[in-house]
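Undergrad: predicted model and sequence below, questions to follow.
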Amino acid sequence: MSETESPRDLLETFENPHPNRDYVMETVCPEFTSVCPKTGQPDFGTLIITYIPDAVCFELKSLKMYLQSYRNVGAFYEDVTNRILDDLVAVTDPRWIELRAEFTPRGGISSTITVTHQKEE
């Protein structure tokens, strides 16, 4: 990725094959990694993306490449979770979406961050 590209540019979409119906798509990404901005240590987590698409859906291979772009990014759990949700909303404009980020324990403490977005009617 060049310096002028955003990780968001990696996300691709395709036309929703059933745009007239509400249905729930759940995607589980058990190998998410980023970096703690304070210690530089890797953070590991499972991301669960649940959404009701509108006109388009996100393509899974591009999602994988997008998530891999965070491997060397220093960001707190709360920040990286909200950034990912913002990017998914920007490219898909879903009817509803939830991102649940379950980070593995470090020092005996685990954290789960859940963020949601609902399309305005």
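TA: Here it is on my side, so go on. Numbering: from 1, shown residues only.

Undergrad: for the residue nearest to residue 119 when sequence neighbours are not counted, what are its contacts?
TA: Excluding the flanking residues, the one nearest residue 119 by Cβ to Cβ, 6 or more residues apart in numbering is residue 95, at 5.1 Å. For the C-beta atoms, the positions are set from N, CA and C on the backbone; glycine is no exception. Shown in contact with residue 95 (Cβ atoms under 8 Å, 6 or more residues apart in numbering): 22, 51, 52, 53, 54, 118, 119.

Undergrad: mind running it again at 6 Å?
TA: 52, 54, 119 (Cβ atoms under 6 Å, 6 or more residues apart in numbering).

Undergrad: so which of those residues is the most crowded?
TA: Highest neighbour count within these: residue 52, with 17 neighbours (other Cβ atoms under 10 Å).

Undergrad: who does that residue bridge with?
TA: residue 96 (DSSP bridges).

Undergrad: check the offset of the longest helix anywhere in the chain from the chain's centre.
TA: With DSSP state H setting the assignment, residue counts place helix 77-92 as the longest helix in the chain. Relative to its parent chain, helix 77-92 has a centroid offset of 6 Å by Cα atoms, centre = their mean, to the nearest Å.
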